[in-house]
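Colleague: sequence? don't have it. structure:
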């Protein structure tokens, strides 16, 4: 299952972290620096670190039930990580594959399945790869932070491939910006 997770997470078009890697590589950054750029972009809660927010919800679902776990997140108005993927409104195929492989193992997925059933009954979006990575880490008793580490380790292979491609065909990354703030008058800024 871990091998499958590493393959499934290796590349996903040009996500923010991959764009950062490609931009760094296009200006000649060495592969180590390009990968570090990707790691920096991936470290945010809306990228690789998203799965870190799912793990406590899974732990709470195992201890107190899915309704309590989901209710706590929704009740405090916190963002719900692990559900929905804009590219896959019908469901993230990476999550489907990884969760299917997890179900083939002799492990207890009661909390995972209970949370998924409750989310579906509330018409929430299907789970994404962040949920699946958190489920893998929770169900196999990995150390805290393991789901993010698996994501970044897997993505590193993809980032290196993108950097190598960028070294050969250099994309001209030079975005333009237009100032849209207040205009100055004769008396100074307004």
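Modeller: Cool, the structure landed. Quantities reported herein were computed from a predicted structural model and do not represent experimental measurements. Numbers count the residues shown, from 1 in each chain.

Colleague: Could you pick out the longest helix of this structure?
Modeller: Of all the segments of type helix in the chain, defined by DSSP state H, the longest one is helix 146-169.

Colleague: I'd say residue 38 and residue 20 touch.
Modeller: Yes. Residue 38 is within contact range of residue 20, at 5.6 Å (criterion: Cβ atoms under 8 Å). In this view, the C-beta of every residue, glycine as well, is placed from N, C-alpha and C.

Colleague: more neighbours, the two?
Modeller: The neighbour comparison of residue 38 against residue 20 (other Cβ atoms under 10 Å) goes to residue 38, with 29 against 22.

Colleague: The longest helix of the chain: which residues count as buried?
Modeller: By neighbour count on 16 or more other Cβ atoms under 10 Å, the buried set for helix 146-169 is 146-148, 150-152, 154-156, 158-160, 162-163, 166.

Colleague: Which residues does that helix contact?
Modeller: Residues outside helix 146-169 that contact it (Cβ atoms under 8 Å, 6 or more residues apart in numbering): 2, 5-12, 14, 17-18, 21-22, 24-26, 31, 34-35, 38-39, 42, 48-49, 51-52, 54-55, 129-130, 133-134, 136-137.

Colleague: Helices of the protein, residue ranges please.
Modeller: Under DSSP H, the chain gives helices at 2-8, 16-26, 31-42, 50-64, 66-75, 93-103, 110-121, 129-139, 146-169.

Colleague: How about the contacts made by residue 27?
Modeller: By Cβ under 8 Å, 6+ apart, the contact set of residue 27 is residue 173.

Colleague: And the closest residue to residue 138 other than its chain neighbours, what's its pLDDT?
Modeller: Of all residues not flanking residue 138 in the chain, residue 58 sits nearest, at 4.4 Å (Cβ to Cβ, 6 or more residues apart in numbering). Listed pLDDT for residue 58 reads 95.

Colleague: What are the neighbouring residues in contact with residue 58?
Modeller: Contacts of residue 58 (Cβ under 8 Å, 6+ apart): 69, 111, 112, 115, 134, 135, 138.

Colleague: returning to what we had before: could you flag which of the contacts of helix 146-169 are buried?
Modeller: Buried residues within the contacts of helix 146-169, counting neighbours by 16+ other Cβ under 10 Å: 5-6, 8-12, 17-18, 21-22, 24-26, 31, 34-35, 38-39, 42, 48-49, 51-52, 54-55, 129-130, 133-134, 136-137.

Colleague: how about the helices of the chain in JSON lines, adding distance to residue 185?
Modeller: Shown next, in JSON lines, are the helices of the chain (distance: least, Cβ to Cβ, whole Å):
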{"stretch": "helix 2-8", "distance to residue 185": "56"}
{"stretch": "helix 16-26", "distance to residue 185": "37"}
{"stretch": "helix 31-42", "distance to residue 185": "39"}
{"stretch": "helix 50-64", "distance to residue 185": "45"}
{"stretch": "helix 66-75", "distance to residue 185": "48"}
{"stretch": "helix 93-103", "distance to residue 185": "54"}
{"stretch": "helix 110-121", "distance to residue 185": "54"}
{"stretch": "helix 129-139", "distance to residue 185": "49"}
{"stretch": "helix 146-169", "distance to residue 185": "45"}
